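*Asks:* next comes the sequence, and after it the predicted model I'd like to discuss.
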Amino acid sequence: MEKKFLTATDLMNYSYCPRIIYYVHVLKRPQFTTSKEYKGREKESDFQEKLGIKTIVDSIMVDKEKNEAYPIQAKYSFKPSKLYRAQLFQIIMESMLIEECLGYKSPFGFIKFLRSGELVKVDTEKRRQEVLEAFQSIEKIMATESFPKPTKYRKRCVDCCFKSICW
Ligand code: SF4
């Protein structure tokens with residue numbers, strides 16, 4: 001059977017609401033996203049490897065002396081007071097893929113918020129376990145076909161394309 005790659009979209013979906021994984025991968029429902037649902041979800045494909053995940057990176061900064069490389073994401077927005085979980089997951093995943101695919105160490109990543117001109121440094125090495133646990137949870141939903149608990153943020157349902165079948 002062809003290997004199923006998890007994607008950055010899966011990670012975004014999971015961080016938005018685990019139930020979306022169930023609808024998309026277990027029930028095979030098409031996902032019609034709203035503009036608000038997840039900005040940046042289009043960033044995927046191209047970059048795949050043995051972790052069984054794929055994504056695309058905006059750009060990569062390489063420090064050959066240290067043998068390190070850092071993903072850089074550009075967001076056309078102002079810097080939020082606190083980074084969203086989906087933003088964190090995305091940059092951490094990119095660091096992981098840089099290590100696997102390109103052989104550099106990637107302890108950090110950067111998110112540039114273009115509208116406020118701010119650059120945020122993310123310690124992607126320290127927070128890697130969070131992404132690995134999220135992927136394990138996604139795979140478990142798919143393997144066991146168990147119906148996950150909904151997001152605790154009910155206002156997210158307003159913009160979700162599955163709201164008509166969910167409640
Ligand atoms: S309607 Fe709400 S609970 Fe259901 S999948 Fe969408 S976000 Fe999750």
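*Replies:* Sure, I can see it.

*Asks:* please make it C-alpha for all contacts and neighbour counts, starting now.
*Replies:* Fine.

*Asks:* for the protein, just list every one of the strands.
*Replies:* Assigned by DSSP state E, the chain shows strands spanning 6-7, 47-48, 53-55, 59-63, 68-75, 108-113, 118-123.

*Asks:* quick one: buried residues of the fifth one?
*Replies:* This means strand 68-75. Judged by neighbour count (16 or more other Cα atoms under 10 Å), strand 68-75 contains these buried residues: 68, 69, 70, 71, 72, 73, 75.

*Asks:* which stretches of this structure form helices?
*Replies:* Ranges of helices in the chain, per DSSP state H, are 8-16, 18-21, 85-102, 128-144, 163-166.

*Asks:* from those helices, which stretch is densest packed?
*Replies:* Ranked by mean neighbour count, the helices of the chain are led by helix 18-21 with a mean of 24 (mean count of other Cα atoms under 10 Å).

*Asks:* how far is it from where the chain is centred?
*Replies:* Taking Cα atoms, centre = their mean, to the nearest Å, one finds the center of helix 18-21 at 14 Å from the center of the full chain.

*Asks:* residues touching residue 75, list them.
*Replies:* With contact taken as Cα atoms under 8 Å, 6 or more residues apart in numbering, residue 75 is in contact with 111, 112, 113, 114.

*Asks:* what bridges to it?
*Replies:* With DSSP bridges as the criterion, the beta-bridge partners of residue 75 are residue 113.

*Asks:* so how far is residue 27 from it?
*Replies:* Residue 75 sits at a distance of 32 Å from residue 27 (criterion: Cα to Cα, to the nearest Å).

*Asks:* cool, and residue 104?
*Replies:* The spacing between residue 104 and residue 27, counted by Cα to Cα, is 39 Å.

*Asks:* more neighbours: which of these two?
*Replies:* More crowded of residue 104 and residue 27, by other Cα atoms under 10 Å: residue 104, with 20 against 12.

*Asks:* quick check: the more buried one touching residue 63?
*Replies:* No - at 9.1 Å, residue 104 does not count as touching residue 63 under the criterion of Cα atoms under 8 Å.

*Asks:* who touches both of these two?
*Replies:* By Cα under 8 Å, 6+ apart, residue 104 and residue 63 have these common neighbours: residue 69.

*Asks:* okay, and the helix or strand of this structure with the least pLDDT?
*Replies:* When the helices and strands of the chain are scored by mean pLDDT, DSSP states H and E, strand 47-48 comes last with a mean of 44.

*Asks:* thank you kindly, that will do.
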